[in-house]
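Trainee: Have a look at this fold, sequence not included:
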Ligand SMILES: CC(=O)Nc1cc[nH]c(=O)n1
């Protein structure tokens, strides 16, 4: 199992500023456990940019995306649906991972 956890670099400013406090992932990235510390790298060039503590992980269907989730991603709800559809085409079952930044 690949336990590397990455984000697209465009999300870094929002993560480090505390404006993005969740990430929505598919089954392949449902392995983090609450309390776990993750060393987080950029997807594009594998550059470390912070450490996160996992606060919560819970299943979330595409049909159940709400305004609250969009706010936690610092996006509008249509924007969040589009971003997730672009990253995970055709998928509708996800995991919500809530986190806090513990080092940067
Ligand atoms: C690299 C990658 O998949 N990044 C993602 C995917 C979904 N949400 C997110 O915040 N970042």
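Mentor: Looks like it came in fine. None of these values were measured; they are calculated from a predicted model. Numbering: from 1, shown residues only.

Trainee: Name the residues of the chain found near the ligand, please.
Mentor: Contact residues, the chain versus the ligand (CB under 6 Å from any ligand atom): 6, 7, 8, 11, 23, 24, 25, 43, 87. All C-beta atoms are positioned from the backbone trio N, CA, C, and that covers glycine.

Trainee: rerun at 8 Å
Mentor: 6-8, 11, 20, 22-25, 29, 43, 73, 83-84, 87-88 (CB under 8 Å from any ligand atom).

Trainee: what residues does the lengthiest helix in the chain touch?
Mentor: In the chain, assigned by DSSP state H, the helix with the most residues is helix 77-87. Residues outside helix 77-87 that contact it (CB atoms under 8 Å, 6 or more residues apart in numbering): 24, 62, 65, 66, 67, 69, 70, 73, 75, 94.

Trainee: Could you pull out the buried residues of that helix?
Mentor: Buried residues in helix 77-87, counting neighbours by 16 or more other CB atoms under 10 Å, are found at 80, 83, 84.

Trainee: Let me know the average pLDDT across it.
Mentor: The average pLDDT within helix 77-87 is 98.
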